[in-house]
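Chemist: Sequence and computational prediction follow.
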Amino acid sequence: MNAVRFEGRDIISIRDFTRGELDYILNMASEMEEVAKRGSDMLRGRTLASLFFEPSTRTRLSFEVAMQKLGGTTIGFAEPDISSIKKGETLADTVRVVENYADVIVLRHPLEGAARFAAEYARVPVINAGSGAEEHPTQAMLDLYTILKEKGRIDGLDIALMGDLRYGRTVHSLAYALSLYDVRLYFISPSMLRMRREVLDDIKGRVDVVEEENVEDVIPKIDVLYVTRIQKERFPDLSDYEKVRGSYRIDLNLLKGAKDGLIILHPLPRVDEIAPEVDATPYAKYFKQVWNGVVVRMALLALVLGALE
Ligand code: NCD
């Protein structure tokens, strides 16, 4: 796989990547583990702009620290109310301004399609850090990397995605990505929050999919449990949210039936869907997953900015 194919490239949807490209990125992320510890000036003189129109802790900070560990600098806003957006500036204009200051733009926006739209206007690469309920491709890459690092492989695993499969963007990107591997997928959710039809239609034929409402029945069968929070802010009607809130929770009692090597992932933030008592078990990998976001984003920045051979 030739790294040149990544230079200047936007990262908008995980569906724009082949399995070979994803494997190449995972490989580069693993090379970044050492670089992250000693630091590098691979991206010295280059600037990353993070434009966040929605709250974030991990995604924004990990992109910024990834850039800094490669010797680059960062600018941006995490609060659109303090930028000219507040005065009515459009996303298209914002992007055409910011590209004069930065070599790469990382964008999080509440609207589906926002990242694709921004990329059409920007001359510099745009990385989608979350586009409404639609997709979060770099999260899926770090999720794949975590599975590979913890289990030694992705192929051959039984993997459950659980929680808000309707409004959760991370599970959409992850389902697309996993459909390129030889896995069995379990989608566990209350019926109101079932996996989006468009995702099911896209991946069926490539992987086996089982939809379930009860996590108890699935726990003994799986190698990976990927838990998500109910995306309260995306419900058009809060009375629907009240019907499903607190409807699932992973605790020690439930995990009695788990395989020894089960790993539990979560994109975070967690609300109440994993009991804190689970944190101290060998299953819990969600805080280790956070570090993996740094090395995966280092690899992506180095690739799209043409600094990796
Ligand atoms: C997720 C997101 O923003 O989609 N967070 C993240 O980037 N790690 C998940 C969430 O908000 O529930």
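Modeler: That came through, no problem. Numbering: from 1, shown residues only.
Chemist: use CA for all of it now, contacts and neighbours both
Modeler: Fine.
Chemist: Near the ligand, which residues of the protein are found?
Modeler: Applying C-alpha under 6 Å from any ligand atom, we find that the chain lies next to the ligand at 58-59, 169-170, 229, 267-269.
Chemist: Could you work out the most separated pair of the residues you listed?
Modeler: Greatest spacing in the residues of the chain next to the ligand, by C-alpha to C-alpha: T59 and R229 (16.1 Å).
Chemist: In helices, which of the residues of the chain next to the ligand appear?
Modeler: 58-59, 169-170 (DSSP state H).
Chemist: Which one of those residues is nearest to A129?
Modeler: T59 (6.9 Å).
Chemist: check which helix or strand covers the residue nearest to that closest one when sequence neighbours are not counted.
Modeler: Sequence neighbours aside, A129 is the residue nearest to T59 in space, at 6.9 Å (criterion: C-alpha to C-alpha, 6 or more residues apart in numbering). Per DSSP states H and E, A129 falls inside strand 126-131.
Chemist: chain center to that strand: distance?
Modeler: Its chain's C-alpha centre and that of strand 126-131 lie 10 Å apart, by C-alpha atoms, centre = their mean, to the nearest Å.
Chemist: cool, and stretch 188-195?
Modeler: The chain centre lies 20 Å from the centre of stretch 188-195; the measure is C-alpha atoms, centre = their mean.
Chemist: That stretch: which residues count as buried?
Modeler: 188-190, 193-195 (16 or more other C-alpha atoms under 10 Å).
Chemist: coming back round to it: report the backbone C-alpha coordinates of whichever helix or strand comes after the strand holding A129 in PDB.
Modeler: Sequence order places helix 137-151 as the next helix or strand after strand 126-131, per DSSP H and E. Output of helix 137-151 as PDB, limited to C-alpha atoms (Å, rounded to 0.1, in the frame of the first residue of the first chain):
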ATOM      1  CA  PRO A 137     -14.700   7.800  11.100                       C
ATOM      2  CA  THR A 138     -11.600   8.400  13.200                       C
ATOM      3  CA  GLN A 139     -13.300   7.000  16.300                       C
ATOM      4  CA  ALA A 140     -14.000   3.800  14.300                       C
ATOM      5  CA  MET A 141     -10.300   3.600  13.300                       C
ATOM      6  CA  LEU A 142      -9.300   3.900  17.000                       C
ATOM      7  CA  ASP A 143     -11.900   1.300  17.900                       C
ATOM      8  CA  LEU A 144     -10.500  -1.100  15.300                       C
ATOM      9  CA  TYR A 145      -7.000  -0.400  16.600                       C
ATOM     10  CA  THR A 146      -8.100  -1.100  20.200                       C
ATOM     11  CA  ILE A 147      -9.600  -4.500  19.200                       C
ATOM     12  CA  LEU A 148      -6.500  -5.400  17.200                       C
ATOM     13  CA  LYS A 149      -4.100  -4.400  20.000                       C
ATOM     14  CA  GLU A 150      -6.100  -6.200  22.800                       C
ATOM     15  CA  LYS A 151      -7.200  -9.300  20.900                       C
END
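Chemist: and the angle from helix 137-151 to strand 126-131?
Modeler: Taking axes from the mean of the first three to the mean of the last three C-alpha atoms, to 10 degrees, one finds helix 137-151 and strand 126-131 inclined to each other by 80 degrees.
Chemist: Show me what helix 137-151 packs onto, helices and strands only.
Modeler: Counting by 3 or more C-alpha pairs under 8 Å, 6 or more residues apart in numbering; DSSP states H and E, the packing neighbours recorded for helix 137-151 are helix 19-38, strand 126-131, helix 169-178, helix 286-304.
Chemist: try it again with 7 Å
Modeler: Contacts defined by 3 or more C-alpha pairs under 7 Å, 6 or more residues apart in numbering; DSSP states H and E place helix 137-151 against helix 169-178, helix 286-304.
Chemist: For the longest one, report the contacting residues that lie outside it.
Modeler: Around helix 286-304, the neighbours that count as contacts under C-alpha atoms under 7 Å, 6 or more residues apart in numbering are 3, 6-9, 25, 28-29, 32-33, 36, 62-63, 66-67, 142, 146, 264-266, 308.
Chemist: buried ones in that helix?
Modeler: So, applying 16+ other C-alpha under 10 Å, buried residues of helix 286-304: 286, 289-290, 292-304.
Chemist: how many neighbours does whichever residue of the stretch 151-300 of the chain sits closest to the ligand have?
Modeler: Using C-alpha to the nearest ligand atom, the single residue of the stretch 151-300 of the chain nearest to the ligand is P267, 4.2 Å away. Using other C-alpha atoms under 10 Å, P267 has 22 other residues around it.
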